[in-house]
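>>> based on what follows, work out the 3D shape:
(one chain, ligands or ions: 1)
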Amino acid sequence: MKSAHESDKMTIFAHTINKTEMEQEFASRLLESAVSEFAKLPGIGRKTALRLVLHLLKQDEQEAVSFGEAIIKLRREIRYCQVCHNISETEVCPICSNPSRDASTICVVENVKDVMSIENTHQHRGLYHVLGGLISPMDGIGPADIEVDSLEERVKAGGIKEVILALSATMEGDTTNFYIFRRLAPYPDVKITILARGVSVGNEIEYTDELTLGRSILNRTLFSDTFHKE
Ligand SMILES: [Zn+2]
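Below is the predicted model:
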């Protein structure tokens with residue numbers, strides 16, 4: 001148990017940090033460096049970073065060590081599937097190497113989070129292709145910066161009947177859809193479909209609820225129909 005004196009000290013210490021955190025005058029360089037690292041994470045400001053670091057300091061040493069080791073292990077040992085570019089611990093991910101999946105259907109997504117979202121719907125029995133981004137001329141991201149070449153290679157290799165475009169309904173998503181559609185034009189036997197856009201218009205895939213997403217996979221339409229009508 002902490003003595004009253006000790007907890008007073010902690011309060012004064014925390015207060016000092018609050019007052020001076022903008023100037024980054026931390027009581028310890030180690031503390032400062034840990035806070036700076038946490039503050040690099042998305043959505044984590046310096047205040048939250050400090051709270052997290054102080055929390056870790058209060059834990060048993062082993063807890064903090066496992067936390068650090070998990071991050072190091074994750075970064076050093078994780079790989080990407082050679083086929084679909086999903087995160088994987090093996091050269092070919094468990095989805096691509098699962099013989100009961102429908103290898104003739106490829107669902108094209110922006111990132112690994114989208115694979116997880118679509119897997120959660122249990123409505124897609126085919127494989128995936130993770131682009132690793134969307135074409136965005138404004139941000140200087142062109143087709144060569146995402147995994148489009150490897151998608152075409154997969155289609156070219158044969159055995160693909162359908163490519164489902166499951167990108168977000170944003171300008172970047174639309175641009176990328178059109179680009180892929182044009183790139184796959186030399187393969188007329190491959191059906192190119194797009195998720196049905198109902199309530200999910202304007203939403204990023206990862207924020208769409210499972211039911212809506214599942215329904216939009218089932219009700220997907222031919223991509224060419226979407227722009228002939230407009
Ligand atoms: Zn894979």
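>>> going forward, measure contacts and count neighbours with C-alpha atoms only.
OK.
>>> enumerate the residues of the protein near the ion.
Near the ion, the residues belonging to the chain are C81, V83, C84, C93, C96 when assessed by C-alpha under 5 Å from the ion.
>>> I106 should be in a strand, yeah?
Yes - counting by DSSP: H, G, I helix; E, B strand; the rest coil, one finds I106 located in a strand.
>>> picking that back up, only the buried subset of the residues of the chain next to the ion, as a PyMOL command please.
PyMOL command restricting the residues of the chain next to the ion to the buried ones, with burial defined by 16 or more other C-alpha atoms under 10 Å:
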select buried, resi 81+83+84+93+96
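>>> let's see which of the residues of the chain next to the ion end up in helices.
Among those, none falls in helices (DSSP state H).
>>> okay, the residues of the chain next to the ion in JSON lines with pLDDT next?
Supplementary listing: those in JSON lines, determined by pLDDT from 0 to 100:
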{"residue": "C81", "pLDDT": "97"}
{"residue": "V83", "pLDDT": "97"}
{"residue": "C84", "pLDDT": "97"}
{"residue": "C93", "pLDDT": "96"}
{"residue": "C96", "pLDDT": "97"}
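>>> and the residues of the chain next to the ion as JSON lines, adding distance to A49?
Shown next, in JSON lines, are the residues of the chain next to the ion (distance: C-alpha to C-alpha, whole Å):
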{"residue": "C81", "distance to A49": "33"}
{"residue": "V83", "distance to A49": "37"}
{"residue": "C84", "distance to A49": "35"}
{"residue": "C93", "distance to A49": "34"}
{"residue": "C96", "distance to A49": "38"}
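>>> keep only those of the residues of the chain next to the ion that are in strands.
Among the residues of the chain next to the ion, no member is found in strands (DSSP state E).
>>> gap between the residue positioned nearest the centre of the chain and the ion?
The residue lying closest to the centre of the chain (C-alpha atoms, centre = their mean) is K113, at 3.7 Å. Here the criterion is C-alpha to the ion, to the nearest Å. By it, K113 lies 14 Å from the ion.
>>> element containing that residue, please.
helix 112-121 (DSSP states H and E).
>>> okay, buried residues for that helix please.
Under 16+ other C-alpha under 10 Å, the buried positions of helix 112-121 are V112, D114, V115, S117, I118, T121.
>>> domain ranges for the chain?
According to automatic domain parsing, the chain comprises the domains 4-77, 99-229.
>>> so how far is the first one from its chain's centroid?
Mean C-alpha position of domain 4-77 versus that of the full chain (C-alpha atoms, centre = their mean, to the nearest Å) differs by 26 Å.
>>> circling back: now the helix holding K113: how far from the chain's centre is it?
Taking mean C-alpha positions (C-alpha atoms, centre = their mean), helix 112-121 and its chain are 9 Å apart.
>>> restrict it to CA atoms and write it as PDB.
Extracted C-alpha coordinates of helix 112-121, given in PDB (Å, rounded to 0.1, in the frame of the first residue of the first chain):
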ATOM      1  CA  VAL A 112      -6.200  -5.600 -43.800                       C
ATOM      2  CA  LYS A 113      -8.900  -4.100 -41.600                       C
ATOM      3  CA  ASP A 114     -11.300  -4.400 -44.500                       C
ATOM      4  CA  VAL A 115     -10.500  -8.100 -44.800                       C
ATOM      5  CA  MET A 116     -11.400  -8.500 -41.100                       C
ATOM      6  CA  SER A 117     -14.600  -6.600 -41.600                       C
ATOM      7  CA  ILE A 118     -15.700  -8.700 -44.600                       C
ATOM      8  CA  GLU A 119     -14.600 -12.000 -42.900                       C
ATOM      9  CA  ASN A 120     -16.900 -11.000 -39.900                       C
ATOM     10  CA  THR A 121     -19.900 -10.900 -42.200                       C
END
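>>> perfect, that will be all.
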